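>>> Structure for the following, please:
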Amino acid sequence: MARIQPVDLGVDAADLDQAMRVQLGVGGIIAHRPAIAAGLGAVSEAINHNGTLPRRLVELIRLRIAFHNQCRSCMAIRYDEAVQDGVTEELVCSLERPAEADDLTDAERAALRFADLFATNHLAIDDAVYDDLRQYFTEGELVEIGLNCAIDLGVGRLTATWDVTDDLAEGFPRPYGELATPWRTAEPLIVP
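Have a look, this model is predicted:
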């Protein structure tokens with residue numbers, strides 16, 4: 001059971017699939033502050049639909065940071081737009097060792113290296129890291145990568161503390177002392 005009880009949004013969870021129930025659980029908690037929820041929704045919408053980065057890359061970054069955050073609900077979800085842009089479960093398995101993965105592009109590996117550092121040792125992100133990224137991304141795209149990392153890291157860590165796991169498949173380890181991964185864990189939940 002989530003550590004913060006969600007607001008009743010007037011939606012019958014029995015009418016929703018598993019992926020939407022997970023989304024509803026997180027959304028119901030954020031709904032305790034409707035104006036803030038609307039602002040966060042607007043930021044997420046802007047990052048996800050006004051940016052120029054491929055949905056595949058955005059999803060790979062999100063899932064890699066979800067692993068570092070150990071956010072079970074974040075790891076369980078796959079966004080349909082990203083699946084349509086080539087995010088397969090085989091590709092997600094590449095996130096276990098992105099630097100060695102043959103099915104990631106050099107640009108994706110560079111962005112995932114940035115995401116790893118952002119989540120684990122942000123002060124190690126130096127000129128060399130940005131110079132590497134500039135081989136593949138424009139200045140504006142670097143801003144997008146950074147903002148995606150910032151939102152994913154902060155909101156994902158907060159969501160992990162809420163323990164919104166009631167609607168997850170059995171494949172996700174519980175309690176939080178056990179390591180979970182978005183690869184080789186359970187059937188992913190696709191959010192339209």
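>>> which is the next helix or strand following the lengthiest helix in the chain?
Identified as the longest helix of the chain according to DSSP state H is helix 139-162. Where DSSP states H and E defines the elements, the next helix or strand beyond helix 139-162 is strand 189-191.
>>> packing partners for that following strand?
If contacts are counted by 3 or more C-beta pairs under 8 Å, 6 or more residues apart in numbering; DSSP states H and E, strand 189-191 sits against helix 18-30, strand 77-79, helix 80-84. For every residue, glycine as well, the C-beta is placed using N, CA and C.
>>> quick revisit: got the angle for the longest helix of the chain vs helix 18-30?
80 degrees (axes from the mean of the first three to the mean of the last three C-alpha atoms, to 10 degrees).
>>> rewinding a little: can I get the helices and strands packed on strand 189-191 in CSV with distance to L153 and mean pLDDT?
Shown next, in CSV, are these (distance: least, C-beta to C-beta, whole Å; pLDDT from 0 to 100):
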stretch, distance to L153, mean pLDDT
helix 18-30, 16, 90
strand 77-79, 16, 92
helix 80-84, 18, 95
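>>> most packed of these?
By mean neighbour count, with neighbours taken as mean count of other C-beta atoms under 10 Å, strand 77-79 ranks first of those at a mean of 21.
>>> Run through the neighbouring helices and strands of it.
helix 18-30, helix 55-69, strand 189-191.
>>> show me the contacts for the residue positioned nearest the centre of the chain.
Central residue of the chain (C-alpha atoms, centre = their mean): R62, 3.0 Å from the mean position. Residues in contact with R62 (C-beta atoms under 8 Å, 6 or more residues apart in numbering) are 74, 148, 152.
>>> same deal with P188?
Contacts of P188 by C-beta under 8 Å, 6+ apart are 76-78, 89, 92, 182.
>>> tell me the phi and psi of it?
Phi and psi for P188, reported as degrees, to the nearest 10, are phi -70, psi 160.
>>> So it versus L91, what's the distance?
12 Å (C-beta to C-beta, to the nearest Å).
>>> Would you indicate which residues of the helix or strand of the chain with the lowest mean pLDDT are buried?
Taking mean pLDDT, DSSP states H and E as the measure, the chain has strand 189-191 as its least confident helix or strand, at a mean of 81. By neighbour count on 16 or more other C-beta atoms under 10 Å, the buried set for strand 189-191 is 189, 191.
>>> Adjacent strands (with direction) for that strand?
strand 77-79 (parallel) (DSSP bridges).
>>> separation between V92 and T105?
In terms of C-beta to C-beta, V92 sits 15 Å off from T105.
>>> Pick out whichever of those two has more residues nearby.
V92 (22 against 13; other C-beta atoms under 10 Å).
>>> you'd agree that one is in a helix?
Yes: V92 sits within a helix when classified using DSSP: H, G, I helix; E, B strand; the rest coil.
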